[in-house]
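[1] Give me coordinates for this.
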Amino acid sequence: MKKKKSADKFFLVKPKRTERVDFMLFMLVIILICFGLVMLFSASQNTSSKDIYATITRQAMLAVGGLVCMFVFSRIDYHVYKRFAFPIYVLIMILMFAVPLIGFASHGATRQISLGFFSFQPSELCKFAIVITFATLLSGKKHNNLRNFRTLLLYGGLLVVPLLACALQSHLSALILIAAVGFLMIVIGGLPWYWTTAAFAVGGAGIAAMTILEPYRMRRITALFDPWSDALDSGYQIIQSLYSVGSGGLMGLGFGQSRQKYGYLPEAQNDYIYAIVCEELGFLGGVFVIILFVLLVIRGIQLALAAKDAFGMYLAFGISVIIALQFMINVAVVLSVFPSTGMQLPFFSSGGTSLIIMMSGCGILMNISRYTTQNKI
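    Residues are numbered from 1 along each chain as shown. Model (predicted):
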């Protein structure tokens, strides 16, 4: 008889490959995509649109492309990413630093690179590059001792590089998300409490410094606590978002009946689409969306715990954290619990890069679900 692998001993049960992806994970993703397209169609119906079908047509085409990517990634053995982790990391970092040089400005910020027929944000790819790189290191034998100072310097260095690139792009939301994902992965990997505390302190000081150095960020912090102090500028989006959420009541005004999307709420089809959900579908509709995301994240964590090996576990956990943080930050911004950051709502907000890459990430999760230990999920 062949000896069991170390990963099998860790999970106590022999891993089994199945031909089917996890049905619950697949259905949650499909429901979110369909729900997102329906709400995007409503949110993009405003008086400034020359073609009321332009946004939804483009997003639907991207969703089809995303489904193809999701299927492809669900068929690729996830161990491939471990072999190419560092080339992926280097390539994405080159793209990140190339943005200020060859990127183009949109909404007052240069964060995208154009390929002529398609443009994308390297920061969206960067989140997954960090997850793959850290999952590779944490699952290895050489760099998994997080009590070793040199090992911590390695993780810190790998994380600082994309954070510096985000700072050069003035992309604070991506910086916060990438830092949080990397930090949570090494915490799960066994980071001692004293280094955890030190990382919190350094990270908090860095974000505070970036906020203080940029006056518009300070105005956003002030507007969070008192949006009426600058109701026509920094507090405008918060006020309109709260109007939108509050006017929905319990059951909502009805699908397509939002008033705030008609020139009052900026980025109604993008960063603030959750406000339109609450206005049209009410408290119950808003809670339903939250439940869908919570179930998706929980399923991702369950798959991480049932993964074939440590690499699969860290990879599934990292992808689940990306989804969870983006969803939580976006909803918190809409509800005026967190300063405005420009964070999109996964599967709902208009934007090709985010949708396709997020669906590709879900495809990786689905592939991990093909290799699970029995009796774990």
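[2] And the strands in the chain?
    Applying DSSP state E to the chain gives strands spanning 15-17, 104-106, 109-114, 119-120, 371-373.
[3] Next, format these as a markdown table and append distance to R147 and mean pLDDT.
    C-beta coordinates here come from the backbone N, C-alpha and C atoms, glycine included. A markdown table is the format used below for these (distance: least, C-beta to C-beta, whole Å; pLDDT from 0 to 100):
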| stretch | distance to R147 | mean pLDDT |
| --- | --- | --- |
| strand 15-17 | 29 | 50 |
| strand 104-106 | 44 | 73 |
| strand 109-114 | 37 | 79 |
| strand 119-120 | 39 | 79 |
| strand 371-373 | 28 | 73 |
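[4] tell me the most buried of those?
    strand 371-373 (a mean of 21; mean count of other C-beta atoms under 10 Å).
[5] Please spell out which residues along stretch 187-195 are buried.
    Neighbour-count burial for stretch 187-195 flags I188, G189, L191, W195 (criterion: 16 or more other C-beta atoms under 10 Å).
[6] Check what contacts it and list those residues.
    For stretch 187-195, the external contacting residues (C-beta atoms under 8 Å, 6 or more residues apart in numbering) are F134, L138, N144, L146, R147, L152, T196, A199, Y314, F317.
[7] Nearest residue to the second one in space, ignoring adjacent ones along the chain?
    Distances taken as C-beta to C-beta, 6 or more residues apart in numbering put G189 closest to L138, at 4.3 Å, once the chain neighbours are dropped.
[8] same question, the last one
    Computed as C-beta to C-beta, 6+ apart, the closest residue to F317 that is not its neighbour in sequence is A304, at 4.2 Å.
[9] per-residue confidence at that neighbour?
    On pLDDT, A304 comes in at 94.
[10] same deal with W193?
    84.
[11] how near is it to L152?
    14 Å (C-beta to C-beta, to the nearest Å).
[12] hmm, which two among the contacts of stretch 187-195 are most spread apart?
    Greatest spacing in the contacts of stretch 187-195, by C-beta to C-beta: R147 and F317 (20.4 Å).
[13] Show me which of those two is the more surrounded one.
    Using other C-beta atoms under 10 Å as the criterion, R147 and F317 rank with F317 on top: 24 against 10.
[14] Wait, that one touches L303, no?
    No - taking contacts as C-beta atoms under 8 Å, F317 lies outside contact range of L303: 9.1 Å.
[15] Low-confidence stretches in this protein?
    The chain contains residues with pLDDT under 70 at 1-19, 47-51, 107-108, 116-117, 373-377.
[16] could you pull out the helices for it?
    6-11, 23-43, 54-75, 79-83, 85-102, 122-139, 149-168, 172-188, 193-213, 215-225, 236-247, 273-305, 310-334, 352-369 (DSSP state H).
[17] Indicate which one of those is closest to Q257.
    Once those are compared by C-beta to C-beta, helix 273-305 is nearest, at 5.9 Å.
[18] buried stuff in that closest one?
    Buried-residue list, helix 273-305, by 16+ other C-beta under 10 Å: 273-282, 285-286, 289, 292-293, 295-297, 299-304.
[19] same thing with stretch 171-188?
    Under 16+ other C-beta under 10 Å, the buried positions of stretch 171-188 are 171-186, 188.
[20] now swap in stretch 251-268 and tell me
    G252, L253, S258, Q260, K261, Y264, L265, E267, A268.
[21] and the closest residue to F71 other than its chain neighbours, what does it touch?
    Counting by C-beta to C-beta, 6+ apart, F71 lies nearest to G363, which is 6.8 Å off, once chain neighbours are set aside. Contacts of G363 were listed using C-beta under 8 Å, 6+ apart, and they are C69, M70, F71, V72, F73, S74.
[22] what do you get if the cut-off is 6 Å, keeping everything else the same?
    M70, F73, S74 (C-beta atoms under 6 Å, 6 or more residues apart in numbering).
[23] Reformat these as TSV; add neighbour count and distance to M218.
    Below are the contacts of G363 laid out as TSV (neighbours: other C-beta atoms under 10 Å; distance: C-beta to C-beta, whole Å):
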residue	neighbour count	distance to M218
M70	26	40
F73	19	41
S74	22	44
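[24] Sounds good, over and out.
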